[in-house]
Structure formats: C-alpha cells, structure tokens
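Student: Below: sequence and its predicted model.
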Amino acid sequence: MPAVRGLDPVTGQSVWIDAVSGDGLSATTGFVLRRADPDAQAQLATIAQALTVAWSFDSFVTTQANRIVKSSGGRLYSITVHNRNATTTYWLMLFDRTSAPAANATDFLLMSLPLFPGTLLSLGSENLGGGGLSLASGIVYGISSNADQYVAIAAPTDIRAFVGFS
C-alpha cells in the first residue's frame, strides 16, 4: 500500500494515509479512519494538508566526509544514514551552519549520533517533530570518526545518506 506517514495536528497521533484510497490508519491507537466516513473526512483533510509541505530530497553516495545540504535557513524533515562498514563506528554530526565543518569543529553542532557498524540510522517526524527541525543558518552534516568534535572519516564511501528538507 503506497502511504505517507505524518502527525495528526489536532490529536498529535501518528497516522498513515493511503495514497490511493485516502483512508488513514492511526499508528497510535490502531483505529482506521475511512475517507468515506463523514466524521473522518475533516480529520483526514487536515492531516493531508499538513503533509503537503514542499520537500526536497538529497541522496548521495559520497566521496566527501561532509555535506552542505542547504546553505541557508531551512527545515530538516528526515535523515537516513547507512554505515556500510562492518567494523567501524562513525558519528553523524548535524550542524546549523552555511559551510562545511572545519577539522575539530564543534561550533554550531546540534547533535552527534553514533552510526554503528553495518547499521542504518533514521531520524523522522518522531525525532525531529512533525514540522521538521528548524535550522536558522543552514543544513550541514558530517560523518566523523570522533563523537565530540568533527574529524573527517578516512573512508567516506562507507556512507549512504538520504535527507528530506525544505
């Protein structure tokens, strides 16, 4: 079933909307919201409107250890990063800045999250909020070999990333 997931802005519940039928399924309560049901129509319309944000996507296989996704203010809606290395833990560092982080950078660092060997890290509306994470300067991330400060990784081809932003 082709579907999109979002938050009901009225109840705050996580909801899946079927792209074909328009029916919804509350991931929180398990209740089905039928588009044909007059009581559910207004709720589904509100959810659908909240989900029609103009997103851009950035998908890359990198030969760089960092990425400037957007060099001006914006919203980060999702980021999924795959560490394909079988033995090394890396760190995803998210920055609110307009340029690539310098070596040993900690300025404008918002978060540093572990990318364990062979795993996929995915942040979405559950982590960043239904309206996305607002970044005033820009959306930049780096893959680091150090959790506390940015140290570019030696093998950036180990990383695959997908970012939803506006």
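Tutor: Received the coordinates, thanks. None of the values given here were measured: they were computed from a predicted structure. Numbers count the residues shown, from 1 in each chain.
Student: Please look at residue 123 and residue 79 and confirm they touch.
Tutor: Yes. Using Cβ atoms under 8 Å, residue 123 is in contact with residue 79, at 5.1 Å. For the C-beta atoms, the positions are set from N, CA and C on the backbone; glycine is no exception.
Student: between those two, who's got more neighbours?
Tutor: Applying other Cβ atoms under 10 Å to residue 123 and residue 79 shows that residue 79 carries more neighbours, namely 24 against 20.
Student: Tell me if I'm right that that one and residue 160 touch.
Tutor: No. Residue 79 lies out of contact with residue 160 (Cβ under 8 Å); the separation is 11.7 Å.
Student: who touches stretch 105-112?
Tutor: 91-97, 101, 133, 135, 137, 142, 144, 147-150 (Cβ atoms under 8 Å, 6 or more residues apart in numbering).
Student: Just the buried subset of the residues you listed, please.
Tutor: By neighbour count, with 16 or more other Cβ atoms under 10 Å, the contacts of stretch 105-112 hold 91-97, 101, 133, 135, 137, 142, 144, 149-150 as buried.
Student: so which of those comes closest to residue 113?
Tutor: residue 92 (4.8 Å; Cβ to Cβ).
Student: That closest one against residue 81, yeah?
Tutor: Yes. Contact criterion Cβ under 8 Å: residue 92 and residue 81 qualify, at 5.3 Å.
Student: Next, show the common contact partners of those two.
Tutor: Here residue 92 and residue 81 have 115, 121, 143 as joint contacts, going by Cβ under 8 Å, 6+ apart.
Student: Among these, name the ones in strands.
Tutor: Those of the shared contacts of residue 92 and residue 81 mapping onto strands are 115, 121, 143, per DSSP state E.
Student: Can you tell me how far the last one is from residue 101?
Tutor: Right, residue 143. Computed with Cβ to Cβ, to the nearest Å, the distance linking residue 143 and residue 101 is 11 Å.
Student: So for these two, which residues contact both of them?
Tutor: 66, 93.
Student: how is the chain carved up into domains?
Tutor: For the chain, automatic domain parsing gives the domain ranges 3-51, 56-165.
Student: and these, which one's lowest on average pLDDT?
Tutor: Among those, domain 3-51 carries the lowest mean pLDDT, at a mean of 53.
Student: tell me which element residue 91 is part of?
Tutor: Assigned by DSSP states H and E, residue 91 falls within strand 90-95.
Student: Packing partners of that strand?
Tutor: strand 74-83, strand 109-115, strand 139-144 (3 or more Cβ pairs under 8 Å, 6 or more residues apart in numbering; DSSP states H and E).
Student: quick one: which of those is nearest residue 64?
Tutor: Using Cβ to Cβ, these put strand 139-144 closest to residue 64, at 8.9 Å.
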